[in-house]
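[1] got a structure for you, letters missing:
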């Protein structure tokens with residue numbers, strides 16, 4: 001299904017339920033994350049992404065959280081994602097409903113594919129390869145009422 005997103009900030013704004021599957025392709029280990037993702041407005045016209053939930057990975061089960069900052073991108077409707085300390089992460093463009101991004105984190109290569117499935121569902125998959133990691137992380141976000 002194709003759902004073009006002309007204004008990524010407006011699309012993301014709000015609270016989403018998050019379900020993620022984790023696969024370590026090298027070992028065959030599987031895991032999951034269940035929780036919420038909130039995209040909150042920032043003073044500079046961007047968004048703060050706060051993810052909270054429960055991570056299950058091997059024998060570990062416990063709370064997990066992370067945060068990113070999204071800022072308006074170079075082109076209308078796009079955004080650039082940053083780590084909380086200001087380091088750049090990757091760019092996101094869903095004006096055509098789907099888009100790819102990349103991030104080099106030595107020694108591994110992180111590639112992401114985003115797809116807006118509809119007004120209330122976003123999917124993305126991280127494919128991480130390199131000498132240290134061989135992971136596939138697939139996430140589905142569904143807007144909360």
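    Yep, that arrived. Just so it is clear, the model here is predicted, and its values are computed rather than measured.
[2] now residue 128: how far from residue 73?
    Distance of residue 128 to residue 73, given as C-beta to C-beta, to the nearest Å: 23 Å. Bear in mind the C-beta positions are built from the backbone N, C-alpha and C, glycine included.
[3] how about residue 17?
    Using C-beta to C-beta, one gets 26 Å for the distance from residue 17 to residue 73.
[4] got it, and residue 35?
    Residue 35 sits 26 Å away from residue 73, going by C-beta to C-beta.
[5] same check on residue 126?
    As judged by C-beta to C-beta, residue 126 and residue 73 stand 19 Å apart.
[6] what's the per-residue pLDDT of the residue nearest the centre of the chain here?
    Centroid-nearest residue in the chain, with C-alpha atoms, centre = their mean: residue 124, separated by 6.3 Å. We have a pLDDT of 98 for residue 124.
[7] after the helix or strand containing it, next one along is what?
    If you go by DSSP states H and E, residue 124 is part of strand 121-129. Sequence order places strand 134-143 as the next helix or strand after strand 121-129, per DSSP H and E.
[8] please pull out the lowest mean pLDDT helix or strand from this protein.
    Ranking every helix and strand in the chain by mean pLDDT, DSSP states H and E puts strand 98-105 at the bottom, with a mean of 93.
[9] which parts of that one are buried?
    Of all the residues in strand 98-105, those buried under the rule 16 or more other C-beta atoms under 10 Å are 98, 99, 101, 103.
[10] ditto for stretch 72-89
    With the criterion 16+ other C-beta under 10 Å, stretch 72-89 contains buried residues 72, 73, 77, 78, 79, 80, 81, 82, 89.
[11] quick one, phi psi at the residue lying farthest from the centre of the chain?
    Most distant from the centre of the chain: residue 59, at 24.5 Å, with distances by C-alpha atoms, centre = their mean. Torsion angles at residue 59 (phi, psi; degrees, to the nearest 10) stand at phi -90, psi 0.
[12] what about it, distance to residue 12?
    Going from residue 59 to residue 12 by C-beta to C-beta gives 34 Å.
[13] and what of residue 127?
    22 Å.
[14] who's more crowded, the two?
    residue 12 (22 against 16; other C-beta atoms under 10 Å).
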